[in-house]
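Colleague: From the sequence below, what's the structure:
(3 chains, ligands or ions: 2)
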Amino acid sequence: MNDKTAIEAHNLTVSYNRRPVLWNVDFELPAGQVIGIIGPNGSGKTTLLKAIMDLVKKSSGYVKLFEQDLEEVRERISYVPQRESVDWDFPASVMDVVLMGRYRKNKLLKRLSKADRDLAAEALEKVNMLEYSNRQISQLSGGQQQRVFIARSLAQGADLYIMDEPFVGVDAATEEAIMLLMQEMKKEGKTVVVVHHDLQTAKLYFDWIVLLNTRLVASGPKDQIFNEALLQEAYGGKLNVLSKVGELIKEKDFPVREK
Amino acid sequence: MDGFWIILSGTLIAISCGLLGAYLVLRKMAMVGDAISHAVLPGIVLAYLFSGSRETIPMLIGAAVLGVLTTVLIELFYKQARLQIDASIGITFTWLFAIGIILISVFAGQVDLDQDCVLYGEIAYVPLDLWFTASGINLGPRTVWIAATLLLLILTFIYFGRRGLFITTFNEEYAKALGLNVAFWHYALMGSVSLTTVVSFESVGAILVVAFLIVPPATAYLITTSLKPMLWLTAFFGFLSSLGGYFLAVWINGSIAGAMATVAGIFFLCVWIFSLIKQKQASIPFRA
Amino acid sequence: MKETLEFFSFSDPNVRFVVLGTMILGATAAMVGSFAFLRKRALVGDAIAHAILPGVCLSFMVSGDKNPIALIIGAVISGWLSLMVIDGISRTTKLKSDAAIGIVLSVFFGFGILLLTSIQNSGNAAQSGLDNFLFGKAASLTQDDILIFSGIGLVLIVLVLLFYKEFKLISFNPDYAKVIGLPVKFLEFLLATITVLSVAVGIQAVGVVLMAALLITPASGARFWTNKLSYMILIATVFGALSGLMGSYVSYVAPAMPTGPWVVMCLSLLTISSIWFAPKRGMFARFKQHRDNKKKILQENILKLFYHLGEANQDFEAGRSFATLKASRELSESELDRGLKLLKQQNYLRKMTDLWYITQAGLEASKRVIKLHRLWEMYLNQRLKLEPDHVHNDAEAIEHIITPEIEQQLERELDFPVKDPHQSTIPYQES
Ligand SMILES: Nc1ncnc2c1ncn2[C@@H]1O[C@H](COP(=O)(O)OP(=O)(O)O)[C@@H](O)[C@H]1O
Ligand SMILES: [Mg+2]
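Modeller: Ligands and ions are numbered 1, 2, ... in the order given. Okay, here's the model as predicted:
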């Protein structure tokens, strides 16, 4: 596989109740790298991932994955939602959750095969959770929950992994383990896109960085991105005019594209 | 013998309701179940009017239509009119229920449904409505047959749909990202709830259906940590509630359905207290 | 017609009782329910309504007669208990509030039904009428009922008025209320008691199931008319009272019709009409806004068209034929026709011998749109770092919405640029 571009976003605008929270975001992310998406709280990072996975409606623009539409390459993409987005009191075991990674459209009625179980076990092994496979998920710590989510994603056997805040609320050991795993995945030629909000560690973890704050502030190799001016721009608050126009669009129920 | 039939039909209904209710509870949609169980009333009345009798098929159709209409209306209020979700649910089911009651009054002559029956059903009449073959062989109460068929359908749905239900209930976004048809599972579940509601309606009424939908699975949920035992326990609590409810009702000479709900509540209370005690114990640190 | 006159003359004392009773109940429930609505606890009201039944029955069993005050006290106690149980379940177990509400609602009600049927089956003659708490008896309210309802209703209204500010605060901003030292616990207790009380009386008019509608449907409708809490409560109260009146009217004219469900029917229709017709937030208002937006976009696009044609051949005064205009922009014939006519009405365009000319006013207006378009492209290019070939589509939409205030801010922030990212000149008005 020698894809050059893992994700291309073209003039991507996403709105909630008409108010744009992502505005004309436009970038290309190289394949085979560990990529960090960074920005302050509420800057639209989660929304960007959801737009990439087609989980929210786009007001404008499109996303290409490996230069194709999501529907055509879905098998190659894996999404790890924010850990808090599910109820961990759910009555299920670690294995039950990881096996979800093997669920496929049109094959939901079929039994999972031995191969599926092996893949799930292998994925658990990679995050050092194999011994917990029969544990109930309600009994896991935050870090363990995150590992389970990542194992589920690994079990999919995808080429591109899109993770929302995998480092939030996890212990130091888990953070380290996830970081090493990402390097490992990179060596295998996988692309990993991670939402992150800690500037200190970002420079260590990622090869490529996307700075986001409603609009795209910068996207590039980390050495080019880590400078005072760009960080200031990303963390220096919203653009005044842009916010005002966003407010107007909401108030007047205005379309962000003419048609 | 009457007691046997009543307990049997109560159990069958309680298990069907409880199994579906387990998913409603896990999806945090318990009150949508409540709404559907009230809102099917106009569907039932209209089915009566069109078929002129308590035919099962028209009733099921009426209920299914109203069940879907309820979810659609709630969604319209919520998404289009941008009303908050709890108010959307409340407005929808009270309105539809009011329409149902009005229809009953308007067609009082043609519709054999009275208000008591609507609210708490008449499970005591189950043994009276017998089913005979063409040659006159007594097959037992009709309700039992219908409830058994329903249970079979629900079991089939839950068995074959277990993965779809599991993944869409636990993590809908992930299911969508995998390309699964999330809306299908949502509507399949809601459709099953409407079906179950309407079958249970005559026996236990609009409100006690809710007791069967929610209380046994909630009780089971408190003391289980995986889905399969939770479903088994739900069925077990459903059975116990029917059994205990019947004898309680006989004892104090009251509504059987009401007694079944009461017993379900007593089980919940016991399990709740039990789980509180266990929590307490777990939080007391060990002393050396 | 005759019945209508009879009804509205209120000469029949029974009519007076029924109308007055349902109106008082509708109004107080709507008023109290507004707070439940704002606190997103609409369905808790439903639970209280169901949970009242066992209290009523137990009170009857203890006291042995149907003293309305005793029944209401029983109702309040069990309504209160139900609130505490809901709270307890969602606090101490992994069950969420929806399940807690469902459990309490159905179990309390089931227990109530058990008691009620047991009382009925015991052959106690005094019990008849106890099931008014189940189905409501709006059509047969008596003078005594009215006295009690008005008394309780009055107390509730006074309490709400007295604690209006505090209730408002704990509804909108409970954390802040705590910070500034309000007795939040006490206020919540008070509000809950008021709610339970209003349910305990209201339920006698419309019955268990429909009580929830009396609480939340009026507030939901009122919400569409205003953003101000005081107006919202006022409108909700009017809705509640009005529906009480209309419901009793329907069942007076058609005696087979039940009053309670018709009250709810009227409430629902009032609310659904509000959703459609309320100014600003209503659906029609929003549709109209969309249409106005479209109209504005169409007109400004045609003005821009004239500017572009003028810019291309350095002649803004020249006449343009319909065919030229049609060829220069993707517009359907009917759209273009409509837009041209609209612009003519405003004296932005003139038409002579089949050719269209732009007026001075039209030219100024077109310059502004062009300027906004190009300024926005500039803004996107500089602030959002979009490539020049990515800025056009966005500007096509945003040019129509920028207000003069934002226009000035843009000009200042970009320091009055002369050229846009495509090197076209940005036209400024001469001043
Ligand atoms: N479902 C939603 N409805 C309305 N607004 C939302 C919704 N989800 C997110 N938002 C808003 O969109 C903005 C971006 O949110 P998000 O993408 O979650 O940011 P981040 O992940 O960077 O913290 C925030 O201002 C948030 O309040
Ligand atoms: Mg986020």
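
Colleague: Where does A:Lys110 fall, secondary structure wise?
Modeller: According to DSSP states H and E, A:Lys110 maps onto no helix or strand at all.

Colleague: Could I get the full set of helices for chain B?
Modeller: B:2-26, B:30-39, B:41-51, B:56-75, B:85-106, B:115-120, B:142-160, B:162-170, B:172-177, B:182-222, B:227-252, B:256-283 (DSSP state H).

Colleague: how many neighbours does the residue of the stretch 301-431 of chain C found nearest chain B have?
Modeller: Taking Cβ to the nearest Cβ, chain B has its nearest neighbour within the stretch 301-431 of chain C at C:Ile401, 21.0 Å off. The way it works is simple: take the backbone N, C-alpha and C, and place the C-beta from them, glycine included. C:Ile401 has 20 neighbouring residues, counting by other Cβ atoms under 10 Å in any protein chain shown.

Colleague: residues contacting the residue of chain B at minimum distance from chain C?
Modeller: At 2.4 Å from chain C, B:Ala261 is the closest residue in chain B, using Cβ to the nearest Cβ. Residues near B:Ala261 by Cβ atoms under 8 Å, 6 or more residues apart in numbering or on different chains: B:208, B:211-212, B:215, B:241, B:245, C:106-107, C:109-111, C:113-114.

Colleague: do stretch A:24-32 and chain C meet?
Modeller: Yes. Counting by Cβ under 8 Å from any Cβ of the partner chain, chain C has neighbours in stretch A:24-32: A:24, A:26.

Colleague: can you pull the contacts of the closest residue to C:Ser82 other than its chain neighbours?
Modeller: In space, C:Ser82 comes closest to C:Ala51 once its chain neighbours are excluded; the distance is 3.3 Å by Cβ to Cβ, 6 or more residues apart in numbering or on different chains. By Cβ under 8 Å, 6+ apart, the residues touching C:Ala51 are C:78-79, C:81-82, C:104-105, C:108-109, C:112.

Colleague: Which member of those is positioned nearest C:Ala200?
Modeller: Checking the contacts of C:Ala51 against C:Ala200 with Cβ to Cβ, the nearest one is C:Gly79 at 6.4 Å.

Colleague: measure that closest one to C:Ala212 for me?
Modeller: 13 Å (Cβ to Cβ, to the nearest Å).

Colleague: Could you find the closest non-adjacent residue to C:Ser273?
Modeller: The shortest distance from C:Ser273 to any non-neighbouring residue, by Cβ to Cβ, 6+ apart, is to C:Gly221 (7.8 Å).

Colleague: Now for the one you found: which residues touch it?
Modeller: C:Gly221 neighbours (Cβ under 8 Å, 6+ apart): C:235-236, C:239, C:267, C:270-275.

Colleague: Figure out the helix or strand that it lives in.
Modeller: helix C:208-222.

Colleague: what's the answer for C:Leu71, then?
Modeller: Counting by DSSP H and E, C:Leu71 is found in helix C:68-92.

Colleague: do A:Gly32 as well
Modeller: Going by DSSP H and E, A:Gly32 is not in any helix or strand.

Colleague: and the gap between it and C:Gly102?
Modeller: 51 Å.

Colleague: what about the two, which has more around it?
Modeller: Between A:Gly32 and C:Gly102, C:Gly102 has the larger neighbour count (other Cβ under 10 Å), namely 30 against 19.

Colleague: Output the contacting helices and strands for the helix or strand that contains that one.
Modeller: Assessed by DSSP H and E, C:Gly102 sits inside helix C:97-121. For helix C:97-121, the elements it packs on are helix B:30-39, helix B:115-120, helix B:182-222, helix B:227-252, helix B:256-283, helix C:42-63, helix C:68-92, judged by 3 or more Cβ pairs under 8 Å, 6 or more residues apart in numbering or on different chains; DSSP states H and E.

Colleague: same thing but 6 Å
Modeller: Helix C:97-121 sits against helix B:30-39, helix B:182-222, helix B:256-283, helix C:42-63, helix C:68-92, with contacts defined as 3 or more Cβ pairs under 6 Å, 6 or more residues apart in numbering or on different chains; DSSP states H and E.

Colleague: Need the winner for burial among those helices.
Modeller: Across the helices and strands packed on helix C:97-121, averaging neighbours per residue (mean count of other Cβ atoms under 10 Å in any protein chain shown) puts helix B:30-39 on top, at a mean of 29.

Colleague: does any bit of that helix sit next to chain C?
Modeller: Yes. For helix B:30-39, a contact with chain C is found by Cβ under 6 Å from any Cβ of the partner chain, at B:30-31, B:34.

Colleague: Export the residues you listed as a markdown table, with columns for pLDDT and distance to B:Leu41.
Modeller: Shown next, in a markdown table, are these (pLDDT from 0 to 100; distance: Cβ to Cβ, whole Å):
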| residue | pLDDT | distance to B:Leu41 |
| --- | --- | --- |
| B:Ala30 | 93 | 19 |
| B:Met31 | 91 | 17 |
| B:Asp34 | 89 | 13 |
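
Colleague: circling back to that earlier point, how far off centre is the helix holding C:Leu71?
Modeller: Relative to its chain's centre, helix C:68-92 lies at 29 Å (Cα atoms, centre = their mean, to the nearest Å).

Colleague: Over to stretch A:83-98?
Modeller: 18 Å.

Colleague: now stretch B:1-14
Modeller: Taking Cα atoms, centre = their mean, one finds the center of stretch B:1-14 at 16 Å from the center of the full chain.

Colleague: Give me the buried positions along that stretch.
Modeller: B:5-14 (16 or more other Cβ atoms under 10 Å in any protein chain shown).

Colleague: Not counting its neighbours along the chain, what's nearest A:Glu75?
Modeller: A:Ala158 (7.2 Å).

Colleague: Identify the single longest helix in chain A, thanks.
Modeller: helix A:172-187.

Colleague: Give me the distance from that one to the chain's centre.
Modeller: 15 Å.

Colleague: May I see the contacts of C:Ala51 arranged in CSV, with pLDDT as well?
Modeller: Converted to CSV, the contacts of C:Ala51 look like this (pLDDT from 0 to 100):
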residue, pLDDT
C:Ser78, 95
C:Gly79, 94
C:Leu81, 95
C:Ser82, 96
C:Val104, 96
C:Leu105, 94
C:Phe108, 96
C:Phe109, 94
C:Gly112, 94
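
Colleague: Just give me the closest of those to B:Leu113.
Modeller: C:Phe109 (19.1 Å).

Colleague: Skip the chain neighbours and tell me the closest residue to that closest one.
Modeller: C:His50 (4.0 Å).

Colleague: Need the contact partners of the helix or strand hosting C:Ser198.
Modeller: Using DSSP H and E, C:Ser198 maps to helix C:184-206. With contacts defined as Cβ atoms under 6 Å, 6 or more residues apart in numbering or on different chains, helix C:184-206 is touched by C:22, C:25, C:28-29, C:32, C:35, C:48-49, C:52, C:72, C:75-76, C:79-80, C:83, C:132-133, C:136, C:138, C:149, C:152, C:156, C:159, C:166-167, C:170, C:177-178, C:211, C:214, C:260, C:263.

Colleague: buried subset of the residues you listed?
Modeller: Buried by 16+ other Cβ under 10 Å: C:22, C:25, C:28-29, C:32, C:35, C:48-49, C:52, C:72, C:75-76, C:79-80, C:83, C:132-133, C:136, C:138, C:149, C:152, C:156, C:159, C:166-167, C:170, C:177, C:211, C:214, C:260, C:263, out of the contacts of helix C:184-206.

Colleague: shaky segments in the chain?
Modeller: Went with chain A since none was named. Along chain A, segments meeting pLDDT under 70 span A:1-2, A:259.

Colleague: hm, I was asking about chain C
Modeller: If you take pLDDT under 70 as the line, chain C has these spans: C:430-431.
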